[in-house]
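Colleague: just need the structure, nothing else, for what follows:
(chains A and B)
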There are 2 protein chains.
Amino acid sequence: MDTPITAKALPDALIERFSAIVGAANALTEADRIAPYIREERDLFAGSTRLVLRPGTVDEVSAIMALAQETGTPIVPQGGNTGLVGAQSPRSEAEVVLSLSRLDRIRDVDPAGRTMVVEAGVVLQRAQEAAAEAGLLFPLSLGSEGSCEIGGNLASNAGGTNVLAYGNARELCLGIEAVLPGGEIFHGLRRLKKDNRGYDLKDLLIGSEGTLAIITAAVLKLFPRPAGREVAYVGLPSPEAALGLLKLAEGRAGGQLTAFELMPRIGMEFTIRHTQGARDPLAGPHAWYVLMEISSGRSAEDARETMEHILEAAFEDGTVEDAAIAQSLSDAADFWRMREEMSWAQKPEGGSIKHDVSVPVALVPQFLAEAGAAVEAAMPGARIVSFGHMGDGNIHYNISQPVGADREAFLARWGEMNTIVHGIVADLGGSFSAEHGIGQLKRAELARTKAGLEMGLMHGIKQVFDPKGIMNPGKLL
Amino acid sequence: MDTPITAKALPDALIERFSAIVGAANALTEADRIAPYIREERDLFAGSTRLVLRPGTVDEVSAIMALAQETGTPIVPQGGNTGLVGAQSPRSEAEVVLSLSRLDRIRDVDPAGRTMVVEAGVVLQRAQEAAAEAGLLFPLSLGSEGSCEIGGNLASNAGGTNVLAYGNARELCLGIEAVLPGGEIFHGLRRLKKDNRGYDLKDLLIGSEGTLAIITAAVLKLFPRPAGREVAYVGLPSPEAALGLLKLAEGRAGGQLTAFELMPRIGMEFTIRHTQGARDPLAGPHAWYVLMEISSGRSAEDARETMEHILEAAFEDGTVEDAAIAQSLSDAADFWRMREEMSWAQKPEGGSIKHDVSVPVALVPQFLAEAGAAVEAAMPGARIVSFGHMGDGNIHYNISQPVGADREAFLARWGEMNTIVHGIVADLGGSFSAEHGIGQLKRAELARTKAGLEMGLMHGIKQVFDPKGIMNPGKLL
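Modeller: So this is what the prediction gives:
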């Protein structure tokens, strides 16, 4: 079952009808105003559209969808446009982009119930800040948190650096409000920790990448703010050593271990080379690094003590080679910056073939060894920048082109490298999309690799929600 | 859309075909052998069936379902038969009970990856013990844990006393294996913390009460065993005071607060009166009680210290009237016994009209006040035994008949009392089924109260999975 790109551009008369719903100021038709909505970060998907709609209310979203359903117009929902798999990009001038960015009210913060109701267009960082102002924590944290939006976070079931302790976006959401293709509003803003009234429609919509409905608001879970936080940068000889450190830290810190990020030496080198002011937190070079964060609900001293206990034990048994504990908030920020800039620091090094994979946590070292050998055999000189959320078994297994290689020729081998890496992932019971989703980028691979039974069920569910196929066609399914 | 009970009893020829799949020893047809499968705990549902099948392998389950689909035979999946809403009870002699109890292998325990693969028929307590043998914790804990089975726990998204810290059954499960109505096997035994490959079919099957597919095995999450555990029994003047204590405990203990159970004085009286050896842990009477448990990943001393800090603070600000900390494992077991026996201790007091509701945690006191006034106004002398998982906003709001009332006349007012209590729950944004599910008991109420949009989506999904309507008909939908 393929979804061909509709060739016919959106007719002028329809543009007028859609525009009337949101008003001329919020119906973008000029190329320069549309441009930011069709370009995406990695330049993998050159989209096009004749119309970007920016509704300001849920009722406007509903009216847009009713008209879309009536006229069979494909709708591409878009949040902060930070997605990495092209789920938010319109594929042709037949498709209308529906930006949720103006739905940006924080409707309610309830410190007693530890919940917050926010609209889809609220930028993640603003949601974090609103929680902080109420003395609480909304723990979802991503590199793009300054521009990504809650609706997109939920549509893609975003992960990030705090999943280890707090879970994915799905786990952080108690209820949602959504608009269905026909314009009906799904009123599911529940604040309940327990609610067994029928099928779990909330979790079905979360992670469905805008192919079933448009999430317009959500009830988010809030947590106590840690009283103390400690960050350490650790040098290690191998991923096996990192796994040893992870077990040790989990055993000692339990739920207080709030981040455990793995980075290879080459990633450090790229970051130091291309990021202004970046510096190596450790004196000598190490083959691997871990950024480890401990958060204590009790006190700063408690967090410090736990961190020190873990590192002492790790030194004693030879797991780690060196470690630095951040001595100030500015140190901690510098440590985190090393990890966060690693994503961007690959760009100046030429082409980069990306993977976002997960395997059972205990198999991360085996995965890295097998994939490393296979990639090196297929492409001598390839520079493997494999970093990410080791505590979740989630590695961004990126391959930078060999020094001096031709960028285009290198990128032409994207599929070949995917086959190698994803084959090893599959053998280990892993996933070729851990947190970024499917979108356009991995759609063919999903169709090829997912069991026919599951694909059939997913298509059946799609048909139930969106019988006319107007919700983000050509994405995911 | 109603699902009438098929009048025609299962024909002999079909009994033979089904029996051939599992062998005569595992195809029960005699009344005395069938009896335990059609009776249920509360005697609310007098079921009947001509055949109970006890398959021993997933392939046998698959063969049964293929034959059921071919012949349009309704199948009622059953685990430990401890459900409280009649989801596991056959409604007529046309229906076949499919018991999962012989699928009871623990397929794998992986301490490094902190997962365990168990089959549907594994009794919850055995799963807990297998985790303990590996030095880990499987935290799901229910009153019926000695006989309920993992498959049923997942089909009903079971809750229990540890949800506060660890989540419902859904949150404790990483992957499932299931057999679909046609006999196809859904191979979803994934062990991944992050996997964004399409729609969340796992969470859709969990909580669907056997109406979409039969869960045959699951990957369960395991956790570090607490190094120390402290249990306290606390006397308080009011639910407001209990809410104050909850906030205080959450603030100080965070994720170490592993249970927070609320009980009224009358529940204590019933339990003491009807449970051999039960004793009041506190000297004088109190209007309300809380059983509070703190688990520390560090040490017994640490758990004790945290508990003492919380109680000291609560005494200081007048939140609590009295408290006893368990001084031994036997004390702790006695404290827990008071809470667990409260469910059974209502029986000797006559008829009991049950509710399993949830509201946002901060609204529990308001709910109890409003419901108490309304019930007392409608039925003077009604004895309200409202106890349960306050930390989750989940109250078992049970009403025992007035002293000396006629049992049948009292029970005849079940629907009226439901309307009163559930009306208040709805006004507070709550749920009339927090953890027990819908089954037969609350099916009409679900159809009446759930938005038409959601009911329509659920029926659509049912049609996708089970187009012939053979999966547990007349339950949930």
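Colleague: which bits of the stretch 251-400 of chain A sit near chain B?
Modeller: Where the stretch 251-400 of chain A comes near chain B, counting by Cβ under 8 Å from any Cβ of the partner chain, the residues are A:251-255, A:297-298, A:358-363, A:389, A:392-394. Any C-beta I mention is one placed from the backbone N, CA and C, and that applies to glycine too.
Colleague: next step: those restricted to strands.
Modeller: By the criterion of DSSP state E, membership of these in strands covers A:358, A:389, A:394.
Colleague: can I get those residues in CSV including pLDDT and neighbour count?
Modeller: Below are those laid out as CSV (pLDDT from 0 to 100; neighbours: other Cβ atoms under 10 Å in any protein chain shown):
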residue, pLDDT, neighbour count
A:Ser358, 97, 31
A:His389, 95, 25
A:Asn394, 96, 29
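Colleague: can you tell me which residues contact the residue minimising distance to the centre of chain A?
Modeller: By Cα atoms, centre = their mean, chain A has its centre lying nearest to A:Ala158, at 4.0 Å. Contact analysis of A:Ala158 by Cβ atoms under 8 Å, 6 or more residues apart in numbering or on different chains lists A:140, A:142, A:148, A:152, A:168-169, A:435.
Colleague: a markdown table for the ones in strands among the residues of the stretch 251-400 of chain A next to chain B, including distance to B:Ser92?
Modeller: Converted to a markdown table, those look like this (distance: Cβ to Cβ, whole Å):
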| residue | distance to B:Ser92 |
| --- | --- |
| A:Ser358 | 46 |
| A:His389 | 52 |
| A:Asn394 | 49 |
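Colleague: return the closest of those with respect to B:Phe335.
Modeller: Taking Cβ to Cβ as the measure, B:Phe335 sits nearest to A:His389 out of these, at 39.9 Å.
Colleague: would you confirm that the closest one contacts A:Leu164?
Modeller: Yes - with contact defined as Cβ atoms under 8 Å, A:His389 and A:Leu164 form a contacting pair (7.0 Å).
Colleague: who touches both of the two?
Modeller: Residues touching both A:His389 and A:Leu164 (Cβ under 8 Å, 6+ apart) are A:Phe260.
Colleague: which residues touch A:Ser295?
Modeller: Taking Cβ under 8 Å, 6+ apart, we find A:Ser295 in contact with A:165, A:226, A:228-229, A:256, A:258, A:303.
Colleague: how about 7 Å then?
Modeller: A:226, A:229, A:256, A:258, A:303 (Cβ atoms under 7 Å, 6 or more residues apart in numbering or on different chains).
Colleague: same for the lengthiest helix in chain A, what does it pack against?
Modeller: Ordering each helix of chain A by length in residues (DSSP state H) puts helix A:300-316 first. Counting contacts by 3 or more Cβ pairs under 7 Å, 6 or more residues apart in numbering or on different chains; DSSP states H and E, helix A:300-316 packs against strand A:228-236, helix A:239-253, strand A:288-296.
Colleague: between the last one and strand A:228-236, how big is the angle?
Modeller: When axes from the mean of the first three to the mean of the last three Cα atoms, to 10 degrees is applied, the directions of strand A:288-296 and strand A:228-236 differ by 160 degrees.
Colleague: given strand A:288-296, what are its sheet partners and their directions?
Modeller: strand A:228-236 (antiparallel), strand A:257-264 (antiparallel) (DSSP bridges).
Colleague: now mean neighbour count too, for these, in JSON lines please.
Modeller: Below are the strands paired with strand A:288-296 laid out as JSON lines (neighbours: other Cβ atoms under 10 Å in any protein chain shown):
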{"stretch": "strand A:228-236", "mean neighbour count": "24"}
{"stretch": "strand A:257-264", "mean neighbour count": "24"}
